[in-house]
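**Q** No sequence on hand, only this structure:
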């Protein structure tokens, strides 16, 4: 008699994430076959309005639970919320991505800890920020009209560090051009998806 052992099927997991991570989360889902992962995003520009993240996440989680989602991962690190996002996570008994911000978990928290101090004067860019450089930096800061203001906004920085999730030359061209415009040294670190990929795989792993 042959006994067939059924494998535990992965449960559906909803990731409610920063819009800046959408492309990367979908890429990780595709690479690792995480077909049971679903994604919803809060506006990407909350990156610059961290006071809006926790209240919006509170509402988003309540809505998802009302729709029947039981497994929810918050696709943010602390991201400047000063612990407010952690309180929302505790309220709803859900977890978030570890670390202070996406620049840390892309590099991996251990690697970030080793470079954090000397990176204090670095301006980080990611694939998203390269793709959206005009929309997120040039136009809001008025640098498209008054490039001379760059020194006022970025005078305390010494380097542009491009944390590359992919090795695309057109994105690196944007990062290099940004460094040149800002009068800063340039460095590229090919990080891939770092701890983001690990967190998504763990969150979507089949439960015994």
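**A** Everything's here; your move. Predicted model, so just to flag it, every value in this text is computed and none were measured.

**Q** Please name the residues that touch residue 189.
**A** Listed by C-beta atoms under 8 Å, 6 or more residues apart in numbering, the contact partners of residue 189 are 107, 161-164. Quick note: C-beta positions are derived from backbone N, CA and C, even for glycine.

**Q** I'd like these as a markdown table, with secondary structure appended.
**A** Conversion of those to a markdown table gives the following (DSSP: H, G, I helix; E, B strand; the rest coil):
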| residue | secondary structure |
| --- | --- |
| 107 | helix |
| 161 | strand |
| 162 | strand |
| 163 | strand |
| 164 | strand |
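
**Q** Is residue 38 in a helix, a strand, or coil?
**A** strand.

**Q** Can you get me a residue count around it?
**A** Taking other C-beta atoms under 10 Å as the criterion, the count of residues near residue 38 is 16.

**Q** Hmm, it is touching residue 12, no?
**A** Yes - between residue 38 and residue 12 a contact is recorded at 6.5 Å, counting by C-beta atoms under 8 Å.

**Q** Could you name the helices and strands sitting against the lowest-mean-pLDDT helix or strand in the chain?
**A** When the helices and strands of the chain are scored by mean pLDDT, DSSP states H and E, helix 150-154 comes last with a mean of 82. Helix 150-154 makes packing contacts with helix 169-182 when contacts are defined by 3 or more C-beta pairs under 8 Å, 6 or more residues apart in numbering; DSSP states H and E.

**Q** the strands in the protein, which residues?
**A** For the chain, the strands identified by DSSP state E occupy 13-18, 37-42, 72-75, 95-96, 122-126, 159-164, 185-190, in order along the chain.

**Q** Next, format these as JSON lines and append mean pLDDT.
**A** Rendered in JSON lines, the data for these read as follows (pLDDT from 0 to 100):
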{"stretch": "strand 13-18", "mean pLDDT": "98"}
{"stretch": "strand 37-42", "mean pLDDT": "98"}
{"stretch": "strand 72-75", "mean pLDDT": "98"}
{"stretch": "strand 95-96", "mean pLDDT": "98"}
{"stretch": "strand 122-126", "mean pLDDT": "97"}
{"stretch": "strand 159-164", "mean pLDDT": "98"}
{"stretch": "strand 185-190", "mean pLDDT": "98"}
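
**Q** can these go into TSV with extra columns for distance to residue 179?
**A** Converted to TSV, the strands of the chain look like this (distance: least, C-beta to C-beta, whole Å):
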stretch	distance to residue 179
strand 13-18	24
strand 37-42	29
strand 72-75	28
strand 95-96	31
strand 122-126	8
strand 159-164	4
strand 185-190	4
